[in-house]
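# Sequence first, predicted model second:
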Amino acid sequence: MISALYNGISGLDSFQKALNVESHNIANVNTVGYKSDRINFADMMYQDRMGKGAATQSVQKDFSTGNLKPTGNSYDVAINGKGFFIVTDPTNGGVYYTKAGDFKQGVDGKLITSGENYVQGVGAVIDGTMIDNDLYTQFVASKTIESDASVQTINAKATNYSQSAQSDVDTITGRTTKTAAAKISDIELLMTEYNNKLNAYATNQVPGTASTNQVSTSTFADYATQLVDSSDTVSIYVDNSKIIQTFTTDAATTMQLLAEKISSLQGIKDATFDTTTGAFVINTLVPGKNLVISNALINEQAYTTTNVDAISGSGQADVQSTLAALETALASANAQMTQVTTTVDKSALANQALNVGTLGDLQLNLTNLGISDNQFAKPEIVNGIIYMVQGDNKYAVGRIQTAAFADEISLSPQGGNLFAVTKKSGEPLDATSTSKILGKTLELSNADLGENLVNLMVYQRAYEANSKSITTSDEFLNIAIQLKK
């Protein structure tokens, strides 16, 4: 009878703990990233083949993935698969792990959790000068170049070349040798070509070779004797368009006027004429791009044109060739450009040890990063890569790191959706290649309200039954005492 009394007491204690576990699950049914608890029971030691009651063997976390809910919030992220976000406590420097991805940007510009812990990851390597948004007002390019090892964003802006461009005027003759409109046209053509080259490099990420410009030379050796009156003309075909200049003033002036006309054509960097040798040289504008330049004539007399074709480059060197041409064109329009390149390492070692000490806080503020003097930008998180979008420019600023464990059940719950490493859980492993980070999504609690309520009722009945065994044992004991009397 005494044993039955103690058995009932052990049952009350066990099912009281079970009620605590289920009530805790129900209380956290709407907690982001919450992992439900499951209590395990064990029977106690036996004596003469009779058990001595029940005890709680363990309380374990269920780390199955909760429902993934799209939220539309740019800072929300969820892990699809194994893995935890890594955070640090700014008050004590402790490292913790969480499934809750309801992040935000702190007042210091860093990515933090709702509990004010710093999210850990890999920051961008930034190359380039700060973009002064009041000075650099013209969008030039923004391109994301991704490989297995890294994500790189190239962003460029320019000053207002449309306002600063001025026509080139010959100080001796007073003639316009290249118009402001032609300079603007050249810049816009090169901007288009630069973006095309960036797109090509994104699909063929090799060092490559530099591209060159086409050079065409027509030699008018006897021009001085052929251009003598107003009935004479000199002409040349440029990309199937015939450019004609009628005799004006003298032969040298006529040839210079032709050079000035051709210099103002889109796709032509410049055209020059040597009055001594009669060499008429045309340099194209876009590296790697050939134009059809032919049929050099004075009146009906043909002259030889020699073309040194442009060489089409490839890869990064090709991009740099076009960039240099663009910078030269902008300089001729009294303008300038600035370019910022950010590179985020995303290399990963599947199931390999992760050195958390190499990670750091993720800075999102573009001013703090030295990228822009305008700190306001919209976040965009894709596969764990954090981009900050400002106008037409998009900058990769970091990568959220995830960690996995050989025995995640042995992690120690700390409250606040945080877990700490234990000896049994093992050290963190790199989970980059085994999990996918989803943007604008949250992982909800995996507590099953229906199951929890059923368990609650079962434990309640079990608690009542154990209390009944105690009262019954007490009655038996009283009867035994009365019999003795």
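Now that the structure is in, tell me what you want to look at.

# By mean pLDDT, point me to the weakest helix or strand of this protein.
Here the helix or strand of the chain ranked lowest by mean pLDDT, DSSP states H and E is strand 46-47, holding a mean of 62.

# Give me the local confidence score for the nearest residue to Thr434 once chain neighbours are set aside.
Nearest residue to Thr434, sequence neighbours excluded (CB to CB, 6 or more residues apart in numbering): Lys82, at 5.5 Å. C-beta here means a position set from N, CA and C on the backbone, and glycine is covered the same way. Here the pLDDT value assigned to Lys82 is 87.

# Same question for the one 4 residues further on.
Per-residue confidence (pLDDT) for Ile86: 97.

# Make sure Tyr118 is actually in contact with Leu111.
Yes. Using CB atoms under 8 Å, Tyr118 is in contact with Leu111, at 7.4 Å.

# what do the two both touch?
The contact sets of Tyr118 and Leu111 overlap at Asp361, Leu362 (CB atoms under 8 Å, 6 or more residues apart in numbering).

# the more surrounded of the two?
More neighbours surround Leu111 than the other of Tyr118 and Leu111, with 25 against 20 (other CB atoms under 10 Å).

# Roughly how far does the more buried one sit from Thr192?
As judged by CB to CB, to the nearest Å, Leu111 and Thr192 stand 36 Å apart.

# and if you look at Ile39?
With distances taken as CB to CB, Ile39 is found 66 Å from Thr192.

# Surely Leu326 is within a helix?
Yes. Counting by DSSP: H, G, I helix; E, B strand; the rest coil, Leu326 is part of a helix.

# So what's the residue count around it?
Here the count is done by other CB under 10 Å, and Leu326 has 25 residues near it.

# wait, isn't it in contact with Gln336?
No. Counting by CB under 8 Å, Leu326 does not reach Gln336; the two are 10.9 Å apart.

# For Gly109, give me the pLDDT.
Among the per-residue scores, Gly109 holds a pLDDT of 96.

# Which residues are in contact with it?
Counted by CB under 8 Å, 6+ apart, Gly109 has contacts Gln363, Leu364, Asn365, Thr367, Asn368, Gln375.

# make it 10 Å
Contacts for Gly109 were tallied using CB atoms under 10 Å, 6 or more residues apart in numbering; they are Asp361, Leu362, Gln363, Leu364, Asn365, Leu366, Thr367, Asn368, Leu369, Gln375.

# same deal with Lys378?
With contact taken as CB under 10 Å, 6+ apart, Lys378 is in contact with Ser74, Tyr387, Met388, Val389, Gln390, Gly391, Lys394.

# Equivalent analysis for Val292, please.
Ser216, Tyr237, Val238, Asp239, Asn240, Ser241, Asn307.

# and Leu429, how many neighbours does it have?
By the criterion of other CB under 10 Å, Leu429 has 20 neighbours.

# Same question for Ser64.
By other CB under 10 Å, the residues close to Ser64 number 8.

# Which phi and psi values does the nearest residue to it once chain neighbours are set aside adopt?
Spatial nearest neighbour of Ser64, excluding adjacent residues (CB to CB, 6+ apart): Asn446 at 5.5 Å. Dihedral angles of Asn446 (phi, psi; degrees, to the nearest 10) stand at phi -100, psi 10.

# Verify the contact between Asn446 and Arg38 for me.
No. Applying CB atoms under 10 Å, one finds Asn446 not in contact with Arg38, separated by 11.0 Å.

# about what we covered before: among the contacts of Val292, name the ones in strands.
Counted as lying in strands by DSSP state E, out of the contacts of Val292, are Ser216, Tyr237, Val238, Ser241, Asn307.

# between those residues, which has the most around it?
Using other CB under 10 Å as the neighbour criterion, Ser216 leads the ones in strands among the contacts of Val292 with 24 neighbours.

# Many thanks, I have nothing further to ask.
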